[in-house]
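Q: heads up, no residue letters with this:
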């Protein structure tokens, strides 16, 4: 089955700096890669996703890049703010089909310091 | 807005008890999922269902079972709770790829 590895497990940045979280996946048939953000005590929520036919996607201060050959994808957050502090999870899926099952990475605790 | 609710936020049970965790979604989603979340291990899929009365094992199904008698409701059952099942349990639902999560149930097994 699919295996998703995520690094780093913790990341501390100064407010205004950029943050990068990296994931690798094992199944070359995976074609959908979402990122979820989980604030303390709250439920995970989708913040951005990318499909295998696209190399990069941006939404304001966040962007995701995908390298299908290397089976890597990354989340980039620019101009970090204290409200970006949360746990971020990457995931991979072979969608559609199979119930759209996601395999998640182990998470990155991002702390944005003032 | 999609709404996914879980029956309890916190639950304390004794070893050997049968435990039911309930999840309800109001968006007519076909797919429903149960995960457990443990520090350093991320979200691990226990079971999922892509239709009423249909279920599929996830990555860690041992010690758990599920029931989906109605489209909006997906139940996770711990037949005989054990201390290693102390965890945060998250339910999710989806129509397509995007999963919407419930608030979670923090289960403590003593």
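A: In hand now; what should we look at? Keep in mind that this is a model prediction, so the values were computed, not measured.
Q: what's across from the spatially most central residue of chain B in the sheet?
A: By C-alpha atoms, centre = their mean, chain B has its centre lying nearest to residue B:34, at 3.2 Å. Assessed by DSSP bridges, residue B:34 has beta-bridge partners residue B:47, residue B:91.
Q: and chain A, which of its residues are near chain B?
A: A:1, A:6, A:9, A:32, A:34, A:42-46, A:49, A:89, A:93, A:95-96, A:98-107 (C-beta under 8 Å from any C-beta of the partner chain). Every C-beta, even on glycine, is put in place using the N, C-alpha and C of the backbone.
Q: ranges for the strands of chain A?
A: Using DSSP state E, the strands of chain A run over residues A:4-7, A:10-14, A:19-25, A:32-38, A:45-51, A:56-59, A:62-67, A:72-77, A:86-92, A:103-104, A:108-113.
Q: Now tabulate the ones you listed in JSON lines and tack on mean neighbour count.
A: What follows is the strands of chain A, written out as JSON lines (neighbours: other C-beta atoms under 10 Å in any protein chain shown):
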{"stretch": "strand A:4-7", "mean neighbour count": "18"}
{"stretch": "strand A:10-14", "mean neighbour count": "13"}
{"stretch": "strand A:19-25", "mean neighbour count": "20"}
{"stretch": "strand A:32-38", "mean neighbour count": "23"}
{"stretch": "strand A:45-51", "mean neighbour count": "17"}
{"stretch": "strand A:56-59", "mean neighbour count": "12"}
{"stretch": "strand A:62-67", "mean neighbour count": "18"}
{"stretch": "strand A:72-77", "mean neighbour count": "20"}
{"stretch": "strand A:86-92", "mean neighbour count": "25"}
{"stretch": "strand A:103-104", "mean neighbour count": "24"}
{"stretch": "strand A:108-113", "mean neighbour count": "18"}
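Q: As a markdown table, these with mean pLDDT would be great.
A: Listed next are these as a markdown table, based on pLDDT from 0 to 100:
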| stretch | mean pLDDT |
| --- | --- |
| strand A:4-7 | 97 |
| strand A:10-14 | 98 |
| strand A:19-25 | 98 |
| strand A:32-38 | 97 |
| strand A:45-51 | 95 |
| strand A:56-59 | 94 |
| strand A:62-67 | 97 |
| strand A:72-77 | 98 |
| strand A:86-92 | 97 |
| strand A:103-104 | 95 |
| strand A:108-113 | 98 |
